[in-house]
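> take a look and give me a structure for this.
(one chain, ligands or ions: 1)
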Amino acid sequence: MNTSSLIQNQALNSASLFEQTLQNRAFQPLPIFQGDHGVQACRFSESPNHRFSVSDHKVKAAFPNLLSGDTVPVLTVKGPLSSVQGKRIAVLFSGGPAAGGHNVVAGIAHALGDQNTLLGVKSGPKGLLNGDLAPLCADDIASVANMGGFDLLGSDRTKIKSEQQFEQVKSVVRDHQLDGIIIIGGDDSNTNAALIAEFLYDEQCSVIGVPKTIDGDLQIPDLLPISFGFDTATRIYSELLGNILQDTPSSQKYWHFVKLMGRSASHVTLEVALQTCPPLVLISEEIAEKQWRLSDVVAHIANGIILRSQQKMNYGVVLIPEGLIEFIPEFQALIANLNVILDTHQDTLSQQEYEDNYRFITAQLPSDLGDLLDSLPANIQRQLVLERDSHGNVQVSQIPTEALLIDMTQDYLKANAPEVPFASNAHFFGYEGRCGAPSSFDAYYTYNLGLVAGSLVLDQKTGYMAAIRHFDQVPEPLAIPLTGLITQEQRGAATHLVIEKALVNLDSPAFQHLVKHRDHWCSQNAFKSPGPRQYWGPTAKQLPLTVALNQGYETYLFNDGS
Ligand code: FBP
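Just a heads-up that it's a prediction; the model follows:
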């Protein structure tokens, strides 16, 4: 083929050469899922070593079927599952996209095989409520193999909470004769999975969750090292940040303030920091522990800038976790008060314009918090005062913390160190990390999570989350009881049953690594540029560094048996 027909071929083809290459990559099932005639589903039984104790009466009362005693077991694989036929299983995405979701669907489809039917639910939980589901065929699945995004099915953030909504789900289960539902989602979506599993218990419909979120805040010590999507997102952000870091001593002109997605927890920021070694890194959990006010955060940044300036480095990068604002004590108090007001006065607020709502809300706040809100830029006020998402979360991705910190740092430097040159740029790396083609780790992890989830529904287990651990050895599939993870949390005016978000542990090896090295990163140009994620070669099998460190692995590479 000559060059021009090659180019024409490329232009006409709906997938890029890169996408075609990934689509043609073989999936890699764990050895336990490899049967004599291809992929096989497995059966699970109680682990003799691991049970969760549940003592909270409210949790017990909410799950009378799933929680019959005071403890609930983790399940491990026991061997191949003898042939199951005629089952109808639905799968849906819930919440924000994360790389590898399509491979989960492929893994489920392969576990189900030809004798069972996989139905795809369109547009997330909303589609489940509306009964918007249809069978998925092998071609649909092959077309998204190893592809990023959730576009095969779509997603949304509807929280299924009212009795009427649970009844709607039950009707859909009956109308479509479903034997199982697999919910691919984060902490809130897996909470929903537990509640639906309980509600459908007598319907003989299994409900299984799959741990998805780029935020990395769905991890369970010893059992779930990380959710899927985190590796791809942090590698994409690290590539972008590495490029910016490389620009700083080249142009010697700017301080870049980079906010990184990740909602409340700072796992994404910590991982990107370890991969790139930038001069200044903020970790929300540390700021909360030190009880820093916003002015302390600004002074910390400005002091780093002054220090580098003394060494003629009038440039650098400040990494800012998306949820920072929520961790600063005065903002914590403000947000907690706002949540109660928004919850208690929903009806009034839904009938008024924004300006009236703003006046109404500030009148209800204690005066110091009202003053704090008034002192903020209008776009930040708006995000704090606007409705929460359906799970009660502040939409932190919409708060321009990076711009706020730039303005305040500029003012601080003008007042305290006017001789220091300060030119800045604001960035937000968020959506560009959620839908990239999955890294080798995420592609491998998600396909096998799908095999675990598919096996669990065929094995008629319900109220569990699929998991895999020990990525440094032959990885081990597990089923984690969702009820063992549920706790009470104050959201708005009421307490809710939720799976707690895992925050950065300040005693963890990963955070301690940052503590040990950050002064050096600030006083020198010590940054690294990790480059784009690789599918072949020495870095293709790299695990997230925070995961390898915190799990105590002796290698940074995952083991896929090849
Ligand atoms: P999930 O918890 O659903 O995985 O959300 C991940 C996330 O990307 C967060 O990091 C971010 O704060 C949020 O979604 C943004 O939400 P939206 O897509 O609604 O703007």
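> and this structure, what are its domain boundaries?
Domain ranges of the chain: 34-229+438-487, 233-432, per automatic domain parsing.
> so what would you say the end-to-end distance of the last one is?
From the first residue to the last, domain 233-432 extends over 8 Å; the measure is CA to CA, to the nearest Å.
> with the longest one instead?
Domain 34-229+438-487 stretches 37 Å from its first residue to its last (CA to CA).
> and the ligand, is it touching that?
Yes: Domain 34-229+438-487 lies within reach of the ligand by CB under 6 Å from any ligand atom, at 95-96, 98, 186, 213-215. Quick note: C-beta positions are derived from backbone N, CA and C, even for glycine.
> I'd say residue 492 and residue 337 touch.
No: look at residue 492 against residue 337 with CB atoms under 8 Å: they stay out of range, at 10.7 Å.
> okay, now the nearest residue to residue 522 once chain neighbours are set aside: neighbour count?
Nearest residue to residue 522 in three dimensions, chain neighbours excluded: residue 279, at 4.6 Å (CB to CB, 6 or more residues apart in numbering). Burial of residue 279, expressed as a neighbour count using other CB atoms under 10 Å, amounts to 26.
> could you measure from residue 279 over to the ligand?
24 Å (CB to the nearest ligand atom, to the nearest Å).
> excluding chain neighbours, what is closest to the residue nearest the centre of the chain?
With the centre of the chain defined as its mean C-alpha position, the nearest residue by CA atoms, centre = their mean is residue 213, 2.1 Å away. If you skip the residues right next to it in sequence, residue 213 has residue 186 as its closest partner in space, 3.7 Å away by CB to CB, 6+ apart.
> how close does the one you found get to residue 271?
17 Å (CB to CB, to the nearest Å).
> show me where the stretch 151-300 of the chain has its helices.
Secondary structure of the stretch 151-300 of the chain (DSSP state H, counting those that start in this stretch): helices at 163-175, 187-199, 230-251, 267-276, 284-290, 294-310.
> quick one: residue 154 and residue 123 touch, right?
Yes: using CB under 8 Å, residue 154 is in contact with residue 123, at 4.4 Å.
> for the ligand, what's the nearest residue on the stretch 1-150 of the chain?
Among the residues of the stretch 1-150 of the chain, residue 95 lies closest to the ligand, at 2.5 Å counting by CB to the nearest ligand atom.
> what is the burial count for that residue?
A total of 26 residues lie near residue 95 under the criterion other CB under 10 Å.
> now do residue 132
17.
> who's in contact with it?
121-123, 126 (CB atoms under 8 Å, 6 or more residues apart in numbering).
> how about 6 Å then?
Applying CB atoms under 6 Å, 6 or more residues apart in numbering, we find residue 132 in contact with residue 122.
> any idea how far residue 121 is from it?
Taking CB to CB, one finds residue 132 at 7 Å from residue 121.
> residue 180 and residue 206 touch, don't they?
Yes: using CB atoms under 6 Å, residue 180 is in contact with residue 206, at 4.1 Å.
> those two: who's more crowded?
More neighbours surround residue 180 than the other of residue 180 and residue 206, with 29 against 25 (other CB under 10 Å).
> and the more buried one, what's its pLDDT?
As predicted, residue 180 sits at a pLDDT of 98.
> what do you get for residue 331?
Residue 331 is given a pLDDT of 89.
> need the contact list for the nearest residue to it once chain neighbours are set aside.
Once flanking residues are discounted, residue 331 sits nearest to residue 325: 4.9 Å by CB to CB, 6+ apart. Contacts for residue 325 (CB under 6 Å, 6+ apart) come out as 331, 399, 401.
> check contacts around the closest residue to the ligand within the stretch 401-550 of the chain.
For the stretch 401-550 of the chain, the residue positioned closest to the ligand under CB to the nearest ligand atom is residue 434, at a distance of 5.6 Å. Applying CB under 6 Å, 6+ apart to residue 434 gives the contacts 96-97, 214.
> now with 10 Å, please.
For residue 434, the contacting residues are 96-99, 101, 148-150, 213-214, 229, 232-233, 236, 261, by CB atoms under 10 Å, 6 or more residues apart in numbering.
> next SSE after the longest strand along the chain?
In terms of residue count, the longest strand belonging to the chain (DSSP state E) is strand 42-53. Next helix or strand after strand 42-53 toward the C-terminus (DSSP states H and E): helix 57-62.
> what's the average pLDDT for that next one?
For helix 57-62, the mean pLDDT works out to 94.
> the helix or strand following it to strand 42-53, inter-axis angle?
Following helix 57-62 in sequence order, the next helix or strand is strand 71-80 (DSSP H and E). With axes from the mean of the first three to the mean of the last three CA atoms, to 10 degrees as the basis, strand 71-80 and strand 42-53 are set at 160 degrees to each other.
> what residues of strand 71-80 count as buried?
72-77, 80 (16 or more other CB atoms under 10 Å).
> same thing with stretch 303-320?
Neighbour-count burial for stretch 303-320, counted by 16+ other CB under 10 Å, picks out 304-309, 313-320.
> hang on, the earlier thing: among the contacts of residue 325, which are in helices?
331, 401 (DSSP state H).
> of the contacts of residue 325, which are in range of the ligand?
Of those, not one also sits near the ligand (CB under 6 Å from any ligand atom).
> ok, the helix or strand where residue 496 lies: who's next to it in the sheet?
Residue 496 belongs to strand 494-499 when assigned by DSSP H and E. Looking at strand 494-499 with DSSP bridges, its partner strands are strand 486-491 (antiparallel).
> who's in contact with the partner strand?
52, 54, 56, 58-59, 62-63, 66-67, 190-191, 194-195, 336, 339-340, 343, 388, 391-393, 494-501.
> let's see it at 6 Å
58-59, 392, 495-500.
> filter those down to the buried ones.
59, 392, 496-499.
> just flag the most distant two among these.
The largest separation in those, counting by CB to CB, is between 59 and 392 at 18.1 Å.
> state the pLDDT value of the residue of the stretch 201-350 of the chain found nearest the ligand.
Proximity of the stretch 201-350 of the chain to the ligand (CB to the nearest ligand atom) peaks at residue 213, 3.3 Å away. For residue 213, the pLDDT comes out at 98.
> same check, this time on the one 5 residues further on
With respect to pLDDT, residue 218 has a value of 97.
> how about it, nearest residue that isn't a chain neighbour?
Nearest residue to residue 218, sequence neighbours excluded (CB to CB, 6+ apart): residue 227, at 4.3 Å.
> what's the spacing between that neighbour and residue 541?
In terms of CB to CB, residue 227 sits 19 Å off from residue 541.
> which one of those two has more residues nearby?
Comparing residue 227 with residue 541 by other CB under 10 Å, the one with more neighbours is residue 227, at 28 against 21.
> contacting residues for the more buried one?
Contact analysis of residue 227 by CB under 6 Å, 6+ apart lists 211-213, 218.
> and what of residue 50?
Contacts of residue 50 were listed using CB under 6 Å, 6+ apart, and they are residue 74.
> swap in residue 229?
Taking CB under 6 Å, 6+ apart, one finds 98-99, 212, 214 in contact with residue 229.
> identify the farthest-apart pair in these.
It's 99 and 212 that sit farthest apart of the contacts of residue 229, by CB to CB, at 9.6 Å.
> give me the nearest residue to residue 477, chain neighbours excluded.
Spatially, and ignoring its direct neighbours in sequence, residue 477 is nearest to residue 452 (4.5 Å; CB to CB, 6+ apart).
> for the one you found, give me the pLDDT.
Per the predicted model, pLDDT is 98 at residue 452.
> whatever residue of the stretch 301-450 of the chain ends up closest to the ligand: neighbour count?
Residue nearest to the ligand within the stretch 301-450 of the chain: residue 397 (4.0 Å; CB to the nearest ligand atom). Number of residues near residue 397 (other CB under 10 Å) recorded here: 17.
> helix/strand/coil for it?
Classification of residue 397 by DSSP: H, G, I helix; E, B strand; the rest coil places it in helix.
> now do the same contact list for it.
322, 430.
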